[in-house]
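*Asks:* one predicted model, sequence on top.
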There are 4 protein chains.
Amino acid sequence: MSPCAPRLDFMSDNCAGAAPEIAAAVMSVLDGRARSYGSDDVTLAARATLRDLFDAPAADVFLVPTGTAANALALASVCPPWGAIYAAGSAHLDVDECGAPTFFTGGATLRLLDHADGLIDPAVLATALRRGRVGDVHAVQPAAISIAQISELGAAYTPRHVHALTDMAHDAGLFCHMDGARFANAVAHAGCAPADMTWRAGIDVLSLGATKNGALGAEAVVIFDPDLARDMGFRRKRAGHLLSKMRVMSTQIVTMFGSDLWLRLAGQANDAASRLAAGLAKVPGATVTNRVDGNMVFARLDADMDAALISAGARYARRSERDGSVRARLVTAFDTQSRDVDAFLDVARSRARP
Amino acid sequence: MSPCAPRLDFMSDNCAGAAPEIAAAVMSVLDGRARSYGSDDVTLAARATLRDLFDAPAADVFLVPTGTAANALALASVCPPWGAIYAAGSAHLDVDECGAPTFFTGGATLRLLDHADGLIDPAVLATALRRGRVGDVHAVQPAAISIAQISELGAAYTPRHVHALTDMAHDAGLFCHMDGARFANAVAHAGCAPADMTWRAGIDVLSLGATKNGALGAEAVVIFDPDLARDMGFRRKRAGHLLSKMRVMSTQIVTMFGSDLWLRLAGQANDAASRLAAGLAKVPGATVTNRVDGNMVFARLDADMDAALISAGARYARRSERDGSVRARLVTAFDTQSRDVDAFLDVARSRARP
Amino acid sequence: MSPCAPRLDFMSDNCAGAAPEIAAAVMSVLDGRARSYGSDDVTLAARATLRDLFDAPAADVFLVPTGTAANALALASVCPPWGAIYAAGSAHLDVDECGAPTFFTGGATLRLLDHADGLIDPAVLATALRRGRVGDVHAVQPAAISIAQISELGAAYTPRHVHALTDMAHDAGLFCHMDGARFANAVAHAGCAPADMTWRAGIDVLSLGATKNGALGAEAVVIFDPDLARDMGFRRKRAGHLLSKMRVMSTQIVTMFGSDLWLRLAGQANDAASRLAAGLAKVPGATVTNRVDGNMVFARLDADMDAALISAGARYARRSERDGSVRARLVTAFDTQSRDVDAFLDVARSRARP
Amino acid sequence: MSPCAPRLDFMSDNCAGAAPEIAAAVMSVLDGRARSYGSDDVTLAARATLRDLFDAPAADVFLVPTGTAANALALASVCPPWGAIYAAGSAHLDVDECGAPTFFTGGATLRLLDHADGLIDPAVLATALRRGRVGDVHAVQPAAISIAQISELGAAYTPRHVHALTDMAHDAGLFCHMDGARFANAVAHAGCAPADMTWRAGIDVLSLGATKNGALGAEAVVIFDPDLARDMGFRRKRAGHLLSKMRVMSTQIVTMFGSDLWLRLAGQANDAASRLAAGLAKVPGATVTNRVDGNMVFARLDADMDAALISAGARYARRSERDGSVRARLVTAFDTQSRDVDAFLDVARSRARP
């Protein structure tokens, strides 16, 4: 890629590469001998880094290479094979993991809830829990809730919203999982302490993403209640997710979360998304349809605007609607720059309806 | 590590870092946008590279981050939940994967066979297959054999030996898997074509390792019969082993197997092991107990020699025997140098019984 | 139970005992030696009986003791671990089997559809199938539909309705399962040939119930396409559902389906339900809410009528509504008699609002 | 069967029918209404009966229709998916359940031990436990032992032998399961209290058989530690083993174990086996090869004696040996009579070598 040309690629933060700081950190651990399978010093440091970050000295930390593995392992620690996990109908768990939560839990059922931009309303959860048939052997048993922060539809929970859900879940005997594939974007948005968004708001287990935010491939399961972590080492190993050269992942976690790099990178992505949304809102023929709390913009585009963008080389997830318009998901990344956004907006404006 | 000090660490090839060529390749793909989840050009190149390497244009290739995942997924493609997999009693599958093959297959049983240095004798397999109770619903059903090349005890199969086993297995309707975590060491030892060691010798599915041989973390499942590959994409995804930034693994495969780098690295490890074994064989108080076909040396050491080595900083896997001697496993790596071996031998000789 | 007192128990057909013909048949096979695990003559006869009944000489038949096992095994024969099964939101599969279909399939996901009285409209299925993301490894894969005949809400599919659904499913590459826990009630209602309701209407696998219709405990999985039956023997055994003294179940199947006993028993239950529904429809304060195609009547009862019925000893499944009324499910059985129904109606009328 | 002809069928106790007392009990519960799914009075009585029998008021009891289900469910209550279960190499669990224990536990591994007539020596268990690698995430984790009483090779443990094994297992943190498919034969042999053979000897979970001893089909999982029973209801239901008309099984349990019927029936089988073994021991050309503690006799028969027995209509499990002799398993049942045994011995004697 020429450093000069603006980038019109808003397909996914998964399509971005790695932040230079992360790349350099990986390079720095590739020489010499280290203990394997996570007994090395870098991995110890990674675990300490996350405990510090979350102000949670008793938390346990397990690194894995993918978000799907992190989610599925996290859920397996809180849900039996005959358990039900309540999640929004938009949840990555259900839509994009090919059944991984069911595989790792040994059979759990996802119970999908109505939602607004991917966020679950406490009243909706309350109704679902009331129908839970606790103790009835004929029914799968309510075991956990899982909320995505930010949601797959771009919205963020407030700590208070999280708390309302977890209180309700805990009262009913359920555990609370947060899918934090884009946790950094949520915290950058909220400006709160990581602990306030997680265990202080009632989260028991967190899938903490780094990959989408500029790592090569590193995710963490953070278990705030150490009792829940007891079996995780065995679960991770038998799922093939214990890496022999763990330091490669661990150094990414240390570098990402040992300073404010994670917030800086997520902030850049969020700012780019805000700029994009604000720009699109002023373009006739484009409508921003969802709240933009993080790094995703959902919009409806007129057919000719979409065509112009595509022919200009823009990339984004698209779905054609019956009326000819296109529903677009535009994702910014840690390295999206203002001029990338502006170049996209220029094309959009050029084809806007008068 | 000072570049001057010899390295006495023979704990595992998993403890080594990455070859500079591999590290450089990873760095080169970290900038810019690429399609995610393996639709990128580097991943296409990786698949083509392995098809070329094995002279197998119809083969399918799936990259995963760990050898346990590679083995377990490979076996899931050839064994139903009620199937039996015949393997040596020393098999990594059984000893060191915390049940992953059973997890990924949905329930398969390992049937462990007697072996010599980890190699299965055809007569032993024949006896086991005769007892297989094919079609009897009360019994788990013979489905596959799995052989490790090189074995966990350091010995390599010849292509002819492989063929003897696979012929027998195929005649009985079983599929044949090779655990090639150290496949490079075996081919460097045999000096044959990769195809001769695999599909031409009857192997249906191969777990091909790169990590132990100088990659950061990259393994491939190579499926020679494309019919067996049909479900693998789904299996990999639901196991959380489909990496979003796949190019990070793919470039390691391209670099490792797109030239003779893999053979050069494995050759260096093998040479170091040969040198180590030859040296130890001359030291009173040390006995090399197994064949040394690859990069592992198994030896029995007198107690005081072991103590001297440990206090000199040497590292290796150890088990104390009842007679006070120590059974040692010494593993060389792609970056083990002659002077590392010689320094180790010097210490050993200094404490040898007269 | 006194033979004179009418029976006000409409809780479930599962609460009924056994038809005398079935009981006598069981008694007749309990003496002497027979081959175990289904190799006996009575089991051979049971299989032949069902092949004849369905005019399906190539069909395979597997007997199991429960409907949950029959459903879960049947679905396992047509759905992989990463598959999706489309079913009505009211489906017993989802509501009352504690996750058995997921357990037996090794992970399948139920996709719940909107329905009318438990019946799926072809347009609803069409929409669901269009969203199926076939071949996308991130998504669970459409594998099967499952329809209940009669439905859990008392309605029956016509053969034509079944055909409309199965055509659509087959076109999309899915298999078609019928949960026939109350199949006899449906056929008694439709008056068609068993084949017309099943394989001639596109059903690939049927769970055929006998227990609710007067057996002690006997269900059959009838697989019309023998290719799908290949693994079933192993699946049944490893699930612990291969009975050693199989003749006990088999004789029930022979007796039930070897004559028109099954239709006679189901007809009696259906007639009783019709009589009950017709009677209730005339009672002020009671409203029959669903179609009554089989042996189940759903009604809304005024609170005082419900109270009177309960205090008179009536039994039925009840759920209190917010307005004080009670939603009731009344199930008749093979041995429900007119006077039982009439006695119930008498109580209802006595407390009806003027 | 003519009541006059002696019965030469020693194939299996699974081939026998039902004891008249049991058959009559089943008949007596088939009329009228009862609560379904085990909430009925007969099931309550069955549970109370077994609590009394074992002098274990806190024990929990779950009825299932097969021994495979009982074993697999019992093991699932004490072994995680990554657990190892130590059992004799002859164990029914491994040999004849098509992987059911692995299926029900979600992945557990059987570790097979050397044995004498199916009995495990404490020293053998001790060695195995020492190699257990507790806490090592690479290894499946020792979780349970399972012993068969009587063993599949006809021998019975003494309470003291059981205790030696369970002490060792408990010290290592494992749970202890007894496969009591022929528990009645063992207790009839030992003459001890049921509690002395089970929980007082350290057994945590028992699979208690009735089917082989004259029931139509009824087995019980008896969990002596109620904490282990917490999930069993869900496990049983999702495995399809919760019968709707539970009273059919429950009445068999009440009748079998509510009096000394179980001991009387097993005693008759044991006596017949003793008589058979004693008789064979005196016949040239027949050698009884195993201890006969219960209702099974293992013998080596000369080829011509075997041929004579078969042609006289005798039935038993047979395996031809290389020297032309036949290894035979002869199983008596609750209804085997002295004249059946004598008729068999008469044929054997008539062809004995002089």
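*Replies:* Here it is on my side, so go on.
*Asks:* list the contacts of stretch A:91-104.
*Replies:* Contacts with stretch A:91-104, where a contact means C-beta atoms under 8 Å, 6 or more residues apart in numbering or on different chains, come from A:67-69, A:71-73, A:75-76, A:85, A:87, A:108-110, A:112, A:118, A:146, A:148, A:152, A:179, A:181, A:235, A:239, B:234, B:237-240, C:81-82, C:102, C:107-109, C:137-140. The C-beta positions use only the backbone N, C-alpha and C, and glycine is treated the same way.
*Asks:* then it to PDB, C-alphas only?
*Replies:* Provided in PDB are the C-alpha atoms of stretch A:91-104 (Å, rounded to 0.1, in the frame of the first residue of the first chain):
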ATOM      1  CA  ALA A  91     -24.800 -11.900  19.400                       C
ATOM      2  CA  HIS A  92     -21.600 -13.000  17.700                       C
ATOM      3  CA  LEU A  93     -22.000 -16.100  19.800                       C
ATOM      4  CA  ASP A  94     -25.000 -17.100  17.800                       C
ATOM      5  CA  VAL A  95     -24.400 -15.400  14.400                       C
ATOM      6  CA  ASP A  96     -20.800 -16.000  13.700                       C
ATOM      7  CA  GLU A  97     -19.200 -18.700  15.700                       C
ATOM      8  CA  CYS A  98     -20.600 -21.800  14.000                       C
ATOM      9  CA  GLY A  99     -21.800 -23.200  17.300                       C
ATOM     10  CA  ALA A 100     -18.600 -22.800  19.200                       C
ATOM     11  CA  PRO A 101     -20.300 -22.000  22.500                       C
ATOM     12  CA  THR A 102     -22.400 -25.200  22.300                       C
ATOM     13  CA  PHE A 103     -19.300 -27.200  21.400                       C
ATOM     14  CA  PHE A 104     -17.200 -25.900  24.200                       C
END
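*Asks:* next, count neighbours for A:Glu321.
*Replies:* The number of residues packed near A:Glu321 is 11, by other C-beta atoms under 10 Å in any protein chain shown.
*Asks:* likewise for the one 10 residues further on?
*Replies:* When counting by other C-beta under 10 Å, one arrives at 27 neighbours for A:Val331.
*Asks:* state the pLDDT value of it.
*Replies:* Looking at A:Val331, its pLDDT is 98.
*Asks:* what sits against the closest residue to A:Glu219 other than its chain neighbours?
*Replies:* Of all residues beyond its chain neighbours, the one nearest A:Glu219 is A:Ala70 (4.2 Å), with distances taken as C-beta to C-beta, 6 or more residues apart in numbering or on different chains. By C-beta under 8 Å, 6+ apart, the contact list for A:Ala70 reads A:Val64, A:Ser207, A:Leu208, A:Gly209, A:Glu219, A:Ala220, A:Val221, B:Gly240.
*Asks:* and if we set it to 7 Å?
*Replies:* A:Val64, A:Ser207, A:Glu219, A:Ala220, A:Val221 (C-beta atoms under 7 Å, 6 or more residues apart in numbering or on different chains).
*Asks:* do A:Ile223 as well
*Replies:* A:Ala59, A:Asp60, A:Ser77, A:Val205, A:Ala229, A:Met232.
*Asks:* which SSE is the residue in the stretch 51-200 of chain A that chain B sits nearest to in?
*Replies:* Relative to chain B, the nearest point of the stretch 51-200 of chain A is A:Ala69 (3.0 Å; C-beta to the nearest C-beta). Using DSSP states H and E, A:Ala69 maps to helix A:67-76.
*Asks:* again with A:Asp323
*Replies:* Per DSSP H and E, there is no helix or strand for A:Asp323.
*Asks:* show me the contacts for the residue nearest to A:Ala333 when sequence neighbours are not counted.
*Replies:* Counting by C-beta to C-beta, 6+ apart, A:Ala16 is the residue found nearest to A:Ala333 once chain neighbours are left out, at 3.8 Å. By C-beta under 7 Å, 6+ apart, the contact set of A:Ala16 is A:Ala333, A:Phe334, A:Asp335, B:Arg33.
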